[in-house]
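# Sequence and predicted structure below; questions after.
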Amino acid sequence: MNFSFLSDNLFLRDLKIYSFVALLAAISWGIVEMVRSQHQSHETTVEVVKHSADYFSKGYLRKDLNEQGRLKSQLSAQSILHYSDDGTTHIEQPKLTLYNADPAIPPWVVKSETGILSPDGEDLFLKGKVFIDRAKGAGTSQMIIKTSNLRVKPKTSYATSEEWAEIISPPHRTESTGIEITFKKPIHIKMLSRVKSRYELH
């Protein structure tokens, strides 16, 4: 018997078996990778879709009354976009009007480029440049405040920013880094750091 020939045949047979097994393993690995890739792609798509707006509105207007039924604050906007996953409302061109208990004192008007309202309506983050104005009234002078990225609590008439701020009460000007404002009586404005003032005497 030719053992060399038999050995060669067994070797070739084993080689074919091993090659076939390796091919199956490669195909199986490829299928697993393809399924996993499709699954990850699907997960990414779902994640993107999750943070999506559930309603949109133009000409938004919300009014809040005090205990006596008088107008306490009013929030208007060019448009709003509400997100269901985190409950926030994104606002374009927000305008917040804070009324004083004394109707003889003009209200504070706060404007910014965009804003985000918290789900409970307690916090309003005004993004970008912020312009605050109170007109001249009985016993009060006009006051203008310029800053950016202002956080406002409408129900308590309180606001704060860590950005540059400027107060203009013609003809006087004061600027600082950071500001805290209480809009209702007793009105309180605190300049936080690097305060510079310029007073003009007539």
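Yep, that arrived. Bear in mind the structure is a predicted one, so any value in this text is a computation, not a measurement.
# Show me the strands in this structure, by range?
53-65, 71-83, 89-92, 95-98, 108-117, 124-134, 143-153, 158-169, 172-182, 188-198 (DSSP state E).
# Leaving out sequence neighbours, find the closest residue to the residue nearest to the spatial centre of the chain.
Computing the C-alpha centroid of the chain and ranking residues by C-alpha atoms, centre = their mean puts I116 first, at 5.0 Å. Leaving aside its sequence neighbours, I116 sits nearest to F125 (C-beta to C-beta, 6 or more residues apart in numbering; 4.7 Å). C-beta coordinates here come from the backbone N, C-alpha and C atoms, glycine included.
# how about M143, what does it touch?
I132, D133, R134, I167, I168, S169 (C-beta atoms under 8 Å, 6 or more residues apart in numbering).
# Likewise for Y158?
By C-beta under 8 Å, 6+ apart, the neighbours of Y158 are V152, E180, I181, T182, F183.
# which of those residues tops the neighbour count?
V152 (29 neighbours; other C-beta atoms under 10 Å).
# Could you give the bridge partners of that one?
L124, A159 (DSSP bridges).
# can you list the domain ranges for the protein.
According to automatic domain parsing, the chain comprises the domains 1-50, 53-198.
# Show me the least confident stretch of the ones you listed, going by mean pLDDT.
Mean pLDDT is lowest for domain 1-50 among the domains of the chain, at a mean of 56.
# Is it correct that T114 is in contact with V130?
No: at 10.6 Å, T114 does not count as touching V130 under the criterion of C-beta atoms under 8 Å.
# With neighbour numbers in mind, choose between the two.
Between T114 and V130, V130 has the larger neighbour count (other C-beta under 10 Å), namely 24 against 15.
# Roughly how far does the more buried one sit from E92?
15 Å (C-beta to C-beta, to the nearest Å).
# for L61, same thing?
14 Å.
# Need the overlap of contacts for the two.
Here L61 and E92 have A77 as joint contacts, going by C-beta under 8 Å, 6+ apart.
# which of those two has more neighbours?
Neighbour totals were compared for L61 and E92, and E92 leads with 14 against 10 (other C-beta under 10 Å).
# and that one, what are its bridge partners?
Beta-bridge pairing for E92 (DSSP bridges): S79, T114.
# so it sits right up against S76, yeah?
No: look at E92 against S76 with C-beta under 8 Å: they stay out of range, at 11.1 Å.
# just to revisit the earlier point, who touches the residue nearest to the centre of the chain in this structure?
Counted by C-beta under 8 Å, 6+ apart, I116 has contacts T88, T89, H90, I91, L124, F125, K127.
# need the residues you listed in CSV with distance to D102, can you?
Conversion of the contacts of I116 to CSV gives the following (distance: C-beta to C-beta, whole Å):
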residue, distance to D102
T88, 34
T89, 31
H90, 34
I91, 29
L124, 24
F125, 29
K127, 31
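# If you rank the residues you listed by neighbours, which is first?
Top of those by neighbour count (other C-beta under 10 Å): I91, with 27 neighbours.
# Next, find the distance separating it from G178.
24 Å.
# Repeat that for G69.
Taking C-beta to C-beta, one finds G69 at 36 Å from G178.
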